[in-house]
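Chemist: prediction below, plus the sequence it came from.
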Amino acid sequence: DGGITQSPKYLFRKEGQNVTLSCEQNLNHDAMYWYRQDPGQGLRLIYYSQIVNDFQKGDIAEGYSVSREKKESFPLTVTSAQKNPTAFYLCASRTDKGSPLHFGNGTRLTVT
Amino acid sequence: GESVGLHLPTLSVQEGDNSIINCAYSNSASDYFIWYKQESGKGPQFIIDIRSNMDKRQGQRVTVLLNKTVKHLSLQIAATQPGDSAVYFCAENRGTSYGKLTFGQGTILTVHP
């Protein structure tokens, strides 16, 4: 079955540590995205990538970094510079800008 | 500013009733709209989409209506079932950029048996 796999489902880290969230897709989609979801708020775009080796900042990129070395993979690193990293992180992909996003089932990150 | 928002944060219905979830958008340049369903602890699931050259689109038990005059989008769910209980999001895409997909805050739909 085609889909987007995010791992792990739950992640716990101490403040000051960097952490990397994994996102893999086998849908052969060109574009991949990272969103952050907080209670009572809509999804906010962190970074997106239209093609391999290229990515763009979204609305809340500060404190985050990404890479896109392979079409299937788009890992997100939450750095110690992110002031409020505890959130639900969603990865998504799509074929082109006129098609819907397909989402993974998210990673819930808790930083204490 | 530009935004996508929902009129009602919560909606409670009885099983078998029809549900209507509303969404307002402010950017007249948006040309593609999507509805998603999100269950607790899961990622959003695509329900239905509509392009700006259409007023209505139907799927299985769902209908999306687009009123460009008043910048309003709605999702109608027929014969609502307990399994439909979830948070529903609308999203708009401005079509000029891969990154310009904006989500509303969501409406919580609760279906009572």
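Modeler: That came in fine, so what should we check first? Numbers count the residues shown, from 1 in each chain, chains lettered A, B, ... in the order given.

Chemist: for chain B, what is the nearest residue in chain A?
Modeler: Of all residues in chain A, the one sitting closest to chain B is residue A:103 (3.5 Å; C-beta to the nearest C-beta). For every residue, glycine as well, the C-beta is placed using N, CA and C.

Chemist: look up how far residue B:63 lies from that residue.
Modeler: Relative to residue B:63, residue A:103 is positioned 23 Å away (criterion: C-beta to C-beta, to the nearest Å).

Chemist: between those two, who's got more neighbours?
Modeler: For residue A:103 versus residue B:63, the count of surrounding residues by other C-beta atoms under 10 Å in any protein chain shown is larger for residue A:103: 24 against 17.

Chemist: ok, the more buried one - contacts?
Modeler: Neighbour list for residue A:103: A:4, A:90, A:91, A:92, B:36, B:43, B:44, B:45 [criterion: C-beta atoms under 8 Å, 6 or more residues apart in numbering or on different chains].

Chemist: find the nearest non-adjacent residue to residue A:29, please.
Modeler: Of all residues not flanking residue A:29 in the chain, residue A:93 sits nearest, at 3.8 Å (C-beta to C-beta, 6 or more residues apart in numbering or on different chains).

Chemist: from memory that neighbour sits against residue A:32, does it?
Modeler: Yes - between residue A:93 and residue A:32 there is a contact under C-beta atoms under 8 Å: 4.7 Å.

Chemist: ok, residue 94 - contacts?
Modeler: No chain specified, so I'll use chain A. Neighbours of residue A:94 in contact, by C-beta under 8 Å, 6+ apart: A:29, A:31, A:33, A:100, A:101, A:102.

Chemist: wrong one, I was asking about chain B
Modeler: If you count contacts by C-beta under 8 Å, 6+ apart, residue B:94 has them with B:27, B:29, B:30, B:31, B:100.

Chemist: most surrounded residue in those?
Modeler: Within these, residue B:30 tops the neighbour count with 23 neighbours, counted by other C-beta under 10 Å.
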